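**Q** Attaching a predicted model along with its sequence, questions to come.
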Amino acid sequence: MRIKNSFIKSSMQGFAIMFRATPKMLIIQCILATLHGFSWVMQVLFIQRFFDSAQGLLQGNFEIEDVIFSMLIMVLSYAFTQVMNGADNYHGTILNLAISKHVNMKIFEKIDELETIEFENESRLNDIEKAISGGENLVWLTLTFVDTLLFYGVYFISMSFFLFTLHPFLSISVLFVFIPCLVSNVVQYKNFEKFEENTAPLRRAHDSYLEFTTDLKETRFIGATNFFKKKYFDTLNTLNTLTFKVQLKKSLMTLLFELLNVLGYGIILFMILVFVMRQQISIGAFVAVLTSIITLFNFMEEVISERLSYAFENVAAVGNFFSFLKEKKLDDKEFNVDFNSSISFENVNFIYPNATTTALENLNFKINRGEIVAIVGENGSGKSTLCRLILGLYKPSDGVIKVDECLLENSSKKQISAVFQRFCKYKMTIKENIIISDFETDVSDEELFSLCNASGIDILDKIHEKKLETMLGREFDGAELSGGQWQRIAIARSLFRKSELIVLDEPTAAIDPLEETRLYEKFVKICAEKTSIIVTHRLGAAKIADRILLLKDGRLIEEGTHEELMRIDGEYKRMFEIQNQWYS
């Protein structure tokens, strides 16, 4: 059966991952599960011995010492079971924590292998969400498999043999209860597989709307809280409806087979009573069978209706996790290229996943070594997309981008530095915020102070006596910076990286135009030996560039220095004069 194969296959794969991560802990867990199963078998055997010895005492076949000894080992067997139960559960919890870190690392490593463009694809985001959900259930699914074999399996096999020795019917009758339970959960698998597929995008939307609803700044300011609340509750209602339907089917199926269980339980009780009346089994055997049957049915209910049922619900999610990990790794071999050569765009087109129009079309130009190039244009003209192509984050849909006769997308990212428009605000110290871009490089505080000054960071003496060791962000009781101050930190981080190509993708939006111009002038001096790309919508700042590329609707329509473009009397001049009026 597909569900059986999926459960066993996923469990075996999970077992392999857990063994590679922590073999000693997994072996100990297997030993504990086996001993735990045997402890319950020992209880049944010692119960029979105690009652048989008590009956023998009344018949004069046993001494009182035999009865006391039998009672003592029966009590010890109960105590041993409780100890093993606690040890098994405790170690399982610790193992879960240890393996979860390893599983999360596997997911992070695989996500790191993805191309940047894949994060623009909704279906890929759903794949990631489903993989994360599956990873969270991997350990539980695998331990269910281990317990089914080594704990429940040991107990069921041992007790079936014990019942068979008393009467063959007793062991065979158990199968008539076990099989309906198993069939019930197998039937439910397809429902939960479809449920997992349908709810992954809904869960992602649900989390997104919740984040927007609880936003304390922009969402509340613009009065959009109720809008996102409605979106949130609509998505939640859809999720709840799907959950209700699949759980209702599960409950009805469970009820049907529970009735069959009760019927089978009643038949077995009736038969052992008949066997005692006929003196086919002893009183001790009767009590032992009665105890074992109750425990047997409890365990069967636990393993099939709870453990395996939940495992079957999540086996599809765990399958998504393994499918994600097994995706073919792209050839990520990178080359150190010579940036003394120009970067050339040859008939480059780019279109986003699932888009109907091209974002960039037929780009042909060169960027020379040590040149400062400004990329300008209105919003939506393709500036940021072109920036990501230059950084090698996106690959052209058509055409090629070359540097040193190699594809730019295969160049080592260690040779490139960038500041993005939506840069990260790392809640760490100022020093850590800067050196994280090249943390293996040794640097003195004096060098960092010099870099901070060059980047326009003038806050070190103002915010805290710890200066470079000042923690940033209120979340950790640190200093809170303005948007402009955070931008200067991001620029210092990019300058610290020992790169040959540096790209600034509109990182100065929160800085006033005059300060932006001063910052870019400092930037030009620092990057005198580097190839520099400045993406900006403020044309006044673009005047410092050696060459300006003007984009419109994804096409390169004008190219040259500021003076050359002003003489053309085209789109650049029109935009510059409009902006010049604003700042005048």
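**A** Sure, I can see it.

**Q** Can you list the residue ranges for strands in the protein?
**A** Per DSSP state E, the chain carries strands over the ranges 343-350, 360-367, 372-377, 398-403, 406-407, 416-419, 501-505, 531-535, 547-552, 555-560.

**Q** Can you name the residues that contact the residue nearest the centre of the chain?
**A** With distances taken as C-alpha atoms, centre = their mean, Ile132 lies nearest the centre of the chain, 3.6 Å away. When contacts are counted by C-beta atoms under 8 Å, 6 or more residues apart in numbering, Ile132 is found next to 107, 321. To be clear about C-beta, it is placed using only N, CA and C from the backbone, and glycine gets the same treatment.

**Q** how near is it to Val373?
**A** 40 Å (C-beta to C-beta, to the nearest Å).

**Q** Surely Asp445 is in contact with Glu469?
**A** No. Between Asp445 and Glu469 there is no contact under C-beta atoms under 8 Å: 9.4 Å.

**Q** Return every residue with contacts to both of these two.
**A** Joint contacts of Asp445 and Glu469 (C-beta under 8 Å, 6+ apart) are Lys431.

**Q** which one is Ile117 nearest to, not counting chain neighbours?
**A** Spatial nearest neighbour of Ile117, excluding adjacent residues (C-beta to C-beta, 6 or more residues apart in numbering): Tyr394 at 5.0 Å.

**Q** What number of residues are in the vicinity of Leu252?
**A** Using other C-beta atoms under 10 Å, Leu252 has 9 neighbouring residues.

**Q** before we move on, what about Glu500?
**A** Counted with other C-beta under 10 Å, residues neighbouring Glu500 total 21.

**Q** Same check on Ser251?
**A** Residue crowding around Ser251 was assessed by other C-beta under 10 Å; the count is 10.

**Q** Relative to Glu301, how far out is it?
**A** According to C-beta to C-beta, Ser251 and Glu301 sit 15 Å apart.

**Q** re the thing from before, can you tell me which of the strands of the chain the model trusts least?
**A** Mean pLDDT per stretch puts strand 406-407 lowest among the strands of the chain, at a mean of 72.

**Q** Sheet partners, orientation included, of that one?
**A** Strand pairing for strand 406-407, determined by DSSP bridges: strand 398-403 (antiparallel).

**Q** Find out how far the strand it pairs with is from the centre of the chain, if you would.
**A** 33 Å (C-alpha atoms, centre = their mean, to the nearest Å).

**Q** can you check stretch 80-96 too?
**A** 28 Å.

**Q** for the record, mean pLDDT for that stretch?
**A** In the prediction, stretch 80-96 has an average pLDDT of 92.

**Q** Report the backbone C-alpha coordinates of it in CSV.
**A** Provided in CSV are the C-alpha atoms of stretch 80-96 (Å, rounded to 0.1, in the frame of the first residue of the first chain):
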residue,chain,number,x,y,z
PHE,A,80,10.6,-1.2,36.7
THR,A,81,7.8,-0.4,34.2
GLN,A,82,7.3,3.0,35.6
VAL,A,83,11.1,3.7,35.6
MET,A,84,11.4,2.6,32.0
ASN,A,85,8.3,4.7,31.1
GLY,A,86,9.9,7.8,32.6
ALA,A,87,13.3,7.1,31.1
ASP,A,88,11.9,6.4,27.6
ASN,A,89,9.8,9.6,27.5
TYR,A,90,12.5,11.8,29.0
HIS,A,91,15.2,10.6,26.6
GLY,A,92,12.8,10.9,23.7
THR,A,93,12.2,14.6,24.6
ILE,A,94,15.9,15.3,24.8
LEU,A,95,16.5,13.4,21.5
ASN,A,96,13.7,15.4,19.8
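
**Q** what does that stretch rub up against?
**A** Applying C-beta under 8 Å, 6+ apart, the contact partners of stretch 80-96 are 18, 22, 25-26, 28-29, 32-33, 35-36, 39-40, 42-43, 139-140, 143, 151.

**Q** and with 10 Å instead?
**A** 18, 21-22, 25-26, 28-29, 31-43, 73, 103, 138-140, 142-143, 146-147, 151 (C-beta atoms under 10 Å, 6 or more residues apart in numbering).

**Q** Grab the longest helix from this structure for me.
**A** helix 225-277 (DSSP state H).

**Q** tell me the pLDDT at the residue in the chain sticking out farthest from the centre?
**A** Going by C-alpha atoms, centre = their mean, the residue of the chain most distant from its centre is Gly60, 68.7 Å out. pLDDT, Gly60: 76.

**Q** gap between it and Asp66?
**A** For Gly60 relative to Asp66 (C-beta to C-beta), the value is 12 Å.

**Q** Ramachandran coordinates for the residue nearest to Asn379 when sequence neighbours are not counted?
**A** Nearest residue to Asn379, sequence neighbours excluded (C-beta to C-beta, 6+ apart): His537, at 7.0 Å. Main-chain torsions, His537, degrees, to the nearest 10: phi -100, psi -10.

**Q** Pull the number of nearby residues for His537.
**A** His537 has 16 nearby residues by other C-beta under 10 Å.

**Q** That one contacts Phe576, doesn't it?
**A** No. His537 lies out of contact with Phe576 (C-beta atoms under 10 Å); the separation is 11.7 Å.

**Q** Now the common contact residues for those two.
**A** In contact with both His537 and Phe576: Val376, using C-beta under 10 Å, 6+ apart.

**Q** Ile351 is in contact with Glu361, isn't it?
**A** Yes. The pair formed by Ile351 and Glu361 meets the contact definition of C-beta under 10 Å, at 9.1 Å.

**Q** Can you work out which residues contact both of those two?
**A** 397-398, 554.

**Q** Against Lys130, how distant is Thr199?
**A** When distance is defined by C-beta to C-beta, Thr199 is 9 Å away from Lys130.

**Q** meant to ask about Ile64, not that
**A** 65 Å.

**Q** Between these two, tell me which one has more neighbours.
**A** More neighbours surround Lys130 than the other of Ile64 and Lys130, with 24 against 9 (other C-beta under 10 Å).

**Q** close enough to count as contact, the more buried one and Leu202?
**A** No. Counting by C-beta under 10 Å, Lys130 does not reach Leu202; the two are 11.8 Å apart.

**Q** Can you name the residues that contact Gln55?
**A** Residues near Gln55 by C-beta under 10 Å, 6+ apart: 61-62, 67, 282-284.

**Q** Between all of the residues you listed, which two are separated the most?
**A** Farthest pair in these (C-beta to C-beta) is Val67 and Ser282. Separation: 14.9 Å.

**Q** how about low-confidence regions in the stretch 151-300 of the chain?
**A** Scanning the stretch 151-300 of the chain with the threshold set as pLDDT under 70 gives 173-198, 200, 206, 212-225, 257, 261.

**Q** Hmm, Gly134 and Ser323 touching each other?
**A** Yes. Counting by C-beta under 10 Å, Ser323 does reach Gly134; the two are 8.6 Å apart.

**Q** With neighbour numbers in mind, choose between those two.
**A** Per other C-beta under 10 Å, whichever of Ser323 and Gly134 has more neighbours is Gly134, with 26 against 13.

**Q** how many neighbours does Cys424 have?
**A** Around Cys424 there are 12 residues (other C-beta under 10 Å).

**Q** go on, Leu360?
**A** Around Leu360 there are 26 residues (other C-beta under 10 Å).
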